[in-house]
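Below: sequence and its predicted model.
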Amino acid sequence: MIRPVRTRKIRKPVVPLTNLRSKKVEATAARYRKITINVPDAPVSVAIPETISFYIDTRFTTSQVNRLRTMIVGLLGFWNGHFTELNDGAQRSRYQNCVNQYARFNLSPVWFDEKIANGAAAAAVQMDGLTTMIAANGFGRAPKAYIKYQKSGNFTIKGVNASNPELNSLSITVNASALSLTSVSTVFLTGSLHHAWLHREGYRHPAGKFTSYFAGESSMCLMRGNSNKTPGTSVSAYTDWLD
């Protein structure tokens, strides 16, 4: 008698229910809105856009955005002032004279091959490079410029190192807590913005060192309105706002 062959039922391994559930990953994607800033009609030899745009994180408050606008306008005015003074017949702008007194090291941006003799010449190269960046950003030759948000931290404004002013955006990351401080002037924060843009323009300095370096001294000149340093005023009063 032939007995029927029993087939074994293969049981599938039990998978824990928790593994079957898709875990929701909570991630807050930054949202940005466009702001537009008028560009001064500076007396430069290249075409300059009428406006320049930035995409700013929507987490910044209205007052913070207004302060950022004031800082950008102030920095563009500083840039315009340099070229206006030269156009009016000055051999050197006040910015050049200030930088010439204090900047000794790392005078050249990474893309500049020739040796720069002094701080005045370095300031001229830097302003020409900024002109290039304003044109590249305003005419869309560079990627969009983002103003990124960080709630707090041990910095004021950061610009990631870049090396080509013809192609690099003017993107920065801003410490929102620092931006809300009433104990620091908007001019000092404008100097911090200037320093961040120098990093985007191709300037470097050793970490934490600003004195005698172009990237530090030039921003401090802006903070002081191109005036000389005052004896008794600690350099940290300025460098605390540089990154």
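Thanks, I have it.

Show me the helices in the protein, by range?
17-20, 62-87, 94-102, 119-138, 176-179, 186-201, 214-223, 236-239 (DSSP state H).

As JSON lines, these with mean neighbour count would be great.
Placement of C-beta: from N, CA and C, glycine included. Shown next, in JSON lines, are those (neighbours: other C-beta atoms under 10 Å):
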{"stretch": "helix 17-20", "mean neighbour count": "7"}
{"stretch": "helix 62-87", "mean neighbour count": "17"}
{"stretch": "helix 94-102", "mean neighbour count": "21"}
{"stretch": "helix 119-138", "mean neighbour count": "22"}
{"stretch": "helix 176-179", "mean neighbour count": "18"}
{"stretch": "helix 186-201", "mean neighbour count": "24"}
{"stretch": "helix 214-223", "mean neighbour count": "26"}
{"stretch": "helix 236-239", "mean neighbour count": "16"}
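
would you turn these into CSV with mean pLDDT?
Below are the helices of the chain laid out as CSV (pLDDT from 0 to 100):
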stretch, mean pLDDT
helix 17-20, 44
helix 62-87, 98
helix 94-102, 99
helix 119-138, 98
helix 176-179, 95
helix 186-201, 98
helix 214-223, 99
helix 236-239, 96
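
The ones you listed: which one's closest to Asp41?
Nearest to Asp41 among those is helix 62-87 (8.0 Å), distances taken as C-beta to C-beta.

So which elements touch that closest one?
Packing contacts for helix 62-87, counted by 3 or more C-beta pairs under 8 Å, 6 or more residues apart in numbering; DSSP states H and E, involve strand 32-38, strand 51-57, helix 94-102, helix 119-138, helix 176-179, helix 186-201.

what angle sits between it and helix 119-138?
130 degrees (axes from the mean of the first three to the mean of the last three C-alpha atoms, to 10 degrees).

Could you tell me the angle between helix 62-87 and strand 32-38?
30 degrees.

Okay, angle between helix 62-87 and helix 94-102 too, please.
Relative orientation of helix 62-87 versus helix 94-102 (the same axes, to 10 degrees): 90 degrees.

ok, Ile56 touching Val65?
Yes: assessed by C-beta atoms under 8 Å, Ile56 is found in contact with Val65 at 6.2 Å.

Need the residues touching each of these two.
Ile35 (C-beta atoms under 8 Å, 6 or more residues apart in numbering).

before we move on, back to that, reformat the helices and strands packed on helix 62-87 into a markdown table and put distance to Thr230 next to each item.
Formatted as a markdown table, the helices and strands packed on helix 62-87 follow (distance: least, C-beta to C-beta, whole Å):
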| stretch | distance to Thr230 |
| --- | --- |
| strand 32-38 | 32 |
| strand 51-57 | 34 |
| helix 94-102 | 13 |
| helix 119-138 | 19 |
| helix 176-179 | 24 |
| helix 186-201 | 14 |
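
Nearest to Cys221, out of those?
Of all the helices and strands packed on helix 62-87, helix 94-102 sits nearest to Cys221, with 3.9 Å by C-beta to C-beta.

who does the closest one touch, helix- and strand-wise?
For helix 94-102, the packing partners by 3+ C-beta pairs under 8 Å, 6+ apart are helix 62-87, helix 119-138, helix 214-223.

rerun at 7 Å
Helix 94-102 sits against helix 119-138, helix 214-223, with contacts defined as 3 or more C-beta pairs under 7 Å, 6 or more residues apart in numbering; DSSP states H and E.

Throw those into CSV and include distance to Gly191, thanks.
Converted to CSV, the helices and strands packed on helix 94-102 look like this (distance: least, C-beta to C-beta, whole Å):
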stretch, distance to Gly191
helix 119-138, 14
helix 214-223, 4
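
do you know which of those lies nearest Ser177?
Among the helices and strands packed on helix 94-102, helix 214-223 sits nearest to Ser177 (C-beta to C-beta), with 19.8 Å.

Thanks again, I'm all set now.
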